[in-house]
Structures are given as C-alpha cells and as structure tokens.
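J.: requesting a structural model of the entry that follows:
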Amino acid sequence: MRNFLNSLLVRSPTKRQIRILPQEVTIDVASGQTLLEAALANGVHYPHNCTVGTCASCKTRLRQGRVREATPFGYTLSKQELDAGYILACQAFPRDELTVVEIAPPSADLPLAESFAASIVATEPLAHDILKVTMRTDRPVNYVAGQYAGVLAPGLPRSRHYSFADAPQRGGRTELAFFIRKVPGGAFTDALFSGALAGQPLAIEAPHGSFYLRGGNAPMVCVAGGSGLAPLLSILEDARRNRIRRPCTLLFGARTQADLYMLDAIRELAGNWPDPFEFVPVLSHDSPDSPWKGARGMVSDFITTAMADGAEGYLCGPPPMIDAGIATLARHGVSIDAIHYDKFTDGRDEVPES
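T.: A predicted model of the protein is given here:
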C-alpha cells in the first residue's frame with residue numbers, strides 16, 4: 001500500500017515536444033536540451049552556426065508556447081524582432097509540453113559548409129584599422145554572396161568569422177578576399193596586423209550565414225559600417241554580374257574621411273548598375289573644420305532619405321548601427337521579414353559566462 005501511495009505522489013517528468021514549421025515536423029525534447037540541440041539530434045536541418053547566441057543564424061519565430069532563455073535574446077535580436085516573437089533556438093529551453101516554432105525553409109542555393117586548408121597570400125591596408133586579406137585555399141570554396149567563413153589560426157582556441165568581400169565564381173574560388181578590422185587586444189588581429197600569420201597554416205570552414213540577397217525587384221536600402229562593407233560589395237557585385245534590376249541606395253558609415261575605402265570600386269559598381277544607384281557616405285566624427293561637404297552624423301539617421309515604397313533593408317556592421325537601422329526601417333513601415341542583417345561582433349561583444 002505504501003509503495004502504491006508513493007507512486008501516486010511521484011510526478012513523472014513532463015514530456016516536451018517542439019513542432020517546426022513549415023516542415024510540420026514534431027520531435028521530442030530531452031531534459032536540458034535547447035530547441036536547436038533537439039532539432040539537430042533528430043536530424044532536422046536547422047539554420048545555425050555559433051550556438052552561443054551571437055550570430056543570429058538560428059533566429060526563430062515562436063508561434064506557440066513559452067521558452068526560457070539561457071542568455072538574453074535581446075543581446076543579439078532587436079526590440080522589433082523580440083516584439084514580433086523571434087527567439088534564438090540555441091539559447092531557448094521549452095517550458096511547455098508543446099512549443100511551436102517557425103523557421104525559414106532551407107534554401108537549395110546555400111551550399112553546405114566544408115573544411116579547407118588555407119594560407120595568406122596578400123594583405124593591403126584599406127584604412128588605418130582595416131586590412132584587405134587574400135587567402136588561398138587547397139580547393140575551390142563555393143559560397144553565396146553575403147556569406148562568411150570561419151578562420152582558425154594556429155594556437156588560437158576558436159575561429160573568427162569574416163565575410164567574403166568578392167562576388168562568388170562559378171565553380172568556386174581558391175583565392176578569398178576579406179576586409180578585416182583590427183580589434184584592440186584581439187589575438188587573431190594582433191597577429192595578423194603584425195605580419196605574424198604570414199606563411200602560417202590556417203583552417204577555414206565555409207560557407208556560413210543566411211545573409212544574402214532575396215529574390216524580387218524591391219528597392220534595396222543597404223547600410224554598411226566599417227568592415228561591414230565586405231558582404232554588401234559581394235552581394236552588389238554579384239547582382240550586377242547577374243543583371244539583377246533593382247533600385248539601390250548604399251549608405252556607408254565611417255568616422256572620418258580617412259576611414260572611407262573602396263570608393264573607386266563603389267563608383268564603378270554604381271556606374272554599371274542597370275537601375276538608379278545612389279551612394280551616400282556618412283561621417284560621424286570628422287572635424288567640423290574639414291573640407292568634407294557630404295553627410296555628417298550617424299549613418300542610420302540617413303536611412304529615411306533613402307526609403308522607397310516596398311523597400312528591403314540589408315545591413316552589415318557593428319551591433320549599435322544594426323539595432324538603430326532596424327528601428328528606423330521598422331518605424332517607417334518596413335516589415336521585419338524584409339530586413340536582413342549581419343551583426344559584426346568581436347571578442348569584446350561575446351555574451352559573458354554566467
């Protein structure tokens with residue numbers, strides 16, 4: 001009798017499941033598993049990369065149920081995305097018996113990541129803190145314009161992520177260009193800028209990321225800050241080569257005139273663009289006494305002048321610029337689903353361990 005009563009008092013663990021839309025897949029979630037871990041353990045193709053809540057590759061819309069955050073979603077996602085119900089699957093633990101989430105359907109055009117051996121074959125200063133770095137790989141790398149690679153140097157515990165700066169080629173590229181900004185105190189960039197990585201064997205995993213040009217003919221508002229110019233140049237040059245016709249405005253935010261770079265390439269791109277193309281460089285910290293006659297202030301402040309009906313936003317750069325840009329676009333009627341971005345975080349931007 002006592003054993004029978006004890007069995008009534010012992011609560012069986014709650015079985016939790018997640019349903020993934022639009023695939024209509026329902027899977028069990030083991031105790032201690034995040035949504036992403038459960039999906040991958042069950043063979044579901046789920047967009048992801050960093051798994052620590054910084055890259056936003058696993059951004060997911062929560063349709064039903066509640067989740068617990070391992071680290072705050074607001075570190076990476078904007079207020080507008082949070083208000084629209086987005087979460088990070090790699091940081092979400094389900095709290096209810098059934099959690100329903102929606103992800104973008106996998107794109108057949110995004111190649112799977114592979115590992116490559118590489119070495120640096122050339123460097124070129126673009127600004128005082130940005131190098132154009134060309135790496136040669138042991139075989140061609142296929143990627144979609146806008147994606148990035150993980151680069152691992154000898155003796156460093158983790159890879160660094162850098163966007164491809166060139167348009168992809170049919171059959172892949174064996175020489176890859178990146179625009180790399182020097183991070184104060186950064187182990188990789190300290191070695192890179194000092195020349196210590198010359199001739200060193202590097203490992204590359206690529207491609208990664210879901211930042212790429214979506215289909216359609218909507219006007220494009222492109223916003224770049226610092227080395228965030230790289231993926232946008234890749235996207236725009238690839239679009240030009242493929243004769244895509246879309247009006248485009250490219251806003252480029254920099255501190256001073258000395259921080260503007262690739263201007264000749266941008267002018268050539270604009271001159272060969274088949275539809276209206278406007279380039280607006282914006283300086284935030286240039287001396288008031290300088291001869292600069294162009295736009296001054298924060299680059300996100302000039303998004304409204306570039307707006308057009310039905311526009312899509314493409315943003316690359318530091319998190320504060322991205323967050324301000326998303327807020328401005330959303331405030332002027334651009335759907336969150338029509339805003340695409342790649343936040344350029346560095347070692348100082350990582351979520352601290354709790």
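J.: can I see the domain layout of the chain?
T.: Domains of the chain are assigned by automatic domain parsing as 2-102, 114-208, 220-345.
J.: rank those by mean pLDDT and give me the bottom one.
T.: For those, mean pLDDT drops lowest on domain 2-102, to a mean of 85.
J.: so how far is that one off the chain centroid?
T.: 22 Å (CA atoms, centre = their mean, to the nearest Å).
J.: contacts only, for residue 124.
T.: Residue 124 is in contact with 131, 132, 134, counting by CB atoms under 8 Å, 6 or more residues apart in numbering. For every residue, glycine as well, the C-beta is placed using N, CA and C.
J.: separation between the residue nearest to residue 304 when sequence neighbours are not counted and residue 339?
T.: Leaving aside its chain neighbours, residue 304 sits nearest to residue 332 (6.1 Å; criterion: CB to CB, 6 or more residues apart in numbering). Distance, residue 332 to residue 339, by CB to CB, to the nearest Å: 11 Å.
J.: tell me which of the two has more neighbours.
T.: Neighbour comparison, residue 332 and residue 339: the larger count goes to residue 339, with 21 against 12 (by other CB atoms under 10 Å).
J.: could I get the contacting residues of that one?
T.: Neighbouring residues of residue 339 by CB under 8 Å, 6+ apart: 312, 313, 315, 326, 329, 330.
J.: doesn't the last one fall inside a helix?
T.: Yes - assignment of residue 330 by DSSP: H, G, I helix; E, B strand; the rest coil places it within a helix.
J.: measure the residue nearest to it when sequence neighbours are not counted to residue 328 for me?
T.: Nearest non-adjacent residue to residue 330, counting by CB to CB, 6+ apart: residue 80, 4.4 Å away. Relative to residue 328, residue 80 is positioned 10 Å away (CB to CB).
J.: and for residue 25?
T.: According to CB to CB, residue 25 stands 36 Å off from residue 328.
J.: before we move on, the earlier item: closest to residue 214 out of the domains of the chain?
T.: Of all the domains of the chain, it is domain 220-345 that lies closest to residue 214, at 6.7 Å by CB to CB.
J.: distance from the closest one to the middle of the chain?
T.: 15 Å.
J.: returning to what we had before: more crowded one of residue 25 and residue 328?
T.: residue 328 (20 against 15).
J.: doesn't residue 298 make contact with the more buried one?
T.: No - with contact defined as CB atoms under 8 Å, residue 328 and residue 298 do not form a contacting pair (9.9 Å).
J.: what comes up buried for the helix or strand harbouring residue 20?
T.: Residue 20 belongs to strand 16-21 when assigned by DSSP states H and E. Residues 16, 17, 18, 19, 20 are the ones in strand 16-21 that count as buried (16 or more other CB atoms under 10 Å).
J.: okay, these in CSV with distance to residue 244 next?
T.: CSV is the format used below for the buried residues of strand 16-21 (distance: CB to CB, whole Å):
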residue, distance to residue 244
16, 44
17, 42
18, 37
19, 36
20, 32
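J.: circling back: nearest to residue 179, of the contacts of residue 124?
T.: Using CB to CB, residue 132 is the member of the contacts of residue 124 that sits closest to residue 179, with 5.8 Å.
J.: can you get me the start-to-end distance on stretch 200-220?
T.: Terminal residues of stretch 200-220 lie 40 Å apart, using CA to CA, to the nearest Å.
J.: buried ones in that stretch, by neighbour count?
T.: Buried residues in stretch 200-220, counted by 16+ other CB under 10 Å: 202, 204-213, 218-220.
J.: off-centre distance for that stretch?
T.: In terms of CA atoms, centre = their mean, the centre of stretch 200-220 is set 8 Å apart from its chain centre.
J.: kindly report the same for stretch 145-152.
T.: Mean-position distance between stretch 145-152 and its chain equals 10 Å (CA atoms, centre = their mean).
J.: which stretches of the stretch 1-150 of the chain form helices?
T.: Using DSSP state H, counting those that start in this stretch, the helices of the stretch 1-150 of the chain run over 2-9, 35-41, 79-83.
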